[in-house]
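**Student:** 3D, please:
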Amino acid sequence: MKSTFRNLTFCLFAAACMAGIAGLTACGGKTAEEKIAQQVTENVHALTSDERPLAQTNAKAFFEKEFPVQTKDGSLTKERGSFLECRPSDSNFNGLVTCKGLVPQLAGGFKEITRYCGYRKELVGCSDEDTVAK
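**Tutor:** Residues are numbered from 1 along each chain as shown. The predicted structure follows:
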């Protein structure tokens, strides 16, 4: 009885391993050219190691600048915003990526806003629209 149970357990384990291996090879079956072609048809662009720092530099320049805020006595002063993140998965082939940050409000407090920042050398800065002027 014990040997039958062991054989059955071994067979089930072997079948599970084979199914797992088959699943892994099926997922990784695409060539690099096929993956790139899929990204192009889906209009998705994965940022390279050179593009990601450019996007973050542009986002930090926008979000971490000084913004005017009003003090309790009514006078104006300046306060810096805060860069949160850029989402490289939200990029497409237009050279802009979605970035978020906190911007101080005139009456006090902070507001999270989204800007589209350039990740190519020819696109400097951030925009409130996900389009590139031609």
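
**Student:** ranges for the strands of the protein?
**Tutor:** 66-70, 76-80, 82-87, 96-104, 110-118, 126-127 (DSSP state E).

**Student:** Just name the most buried of these.
**Tutor:** strand 96-104 (a mean of 21; mean count of other C-beta atoms under 10 Å). Glycine gets a C-beta too; all of them are placed from N, C-alpha and C.

**Student:** Could you list the residues in contact with that one?
**Tutor:** 47, 55-56, 58-59, 62-64, 67, 69, 79-88, 90-91, 110-119, 123, 126-127, 130-132 (C-beta atoms under 8 Å, 6 or more residues apart in numbering).

**Student:** what's stretch 122-133 in contact with?
**Tutor:** 58-59, 61-62, 92, 94-96, 98-99, 115-118.

**Student:** any chance of these in a markdown table, with distance to T31 and pLDDT too?
**Tutor:** As requested, the contacts of stretch 122-133 are arranged in a markdown table below (distance: C-beta to C-beta, whole Å; pLDDT from 0 to 100):
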| residue | distance to T31 | pLDDT |
| --- | --- | --- |
| N58 | 33 | 94 |
| A59 | 34 | 95 |
| A61 | 39 | 95 |
| F62 | 39 | 95 |
| N92 | 23 | 69 |
| N94 | 26 | 81 |
| G95 | 26 | 84 |
| L96 | 29 | 88 |
| T98 | 29 | 91 |
| C99 | 32 | 94 |
| R115 | 36 | 94 |
| Y116 | 32 | 92 |
| C117 | 32 | 92 |
| G118 | 30 | 90 |
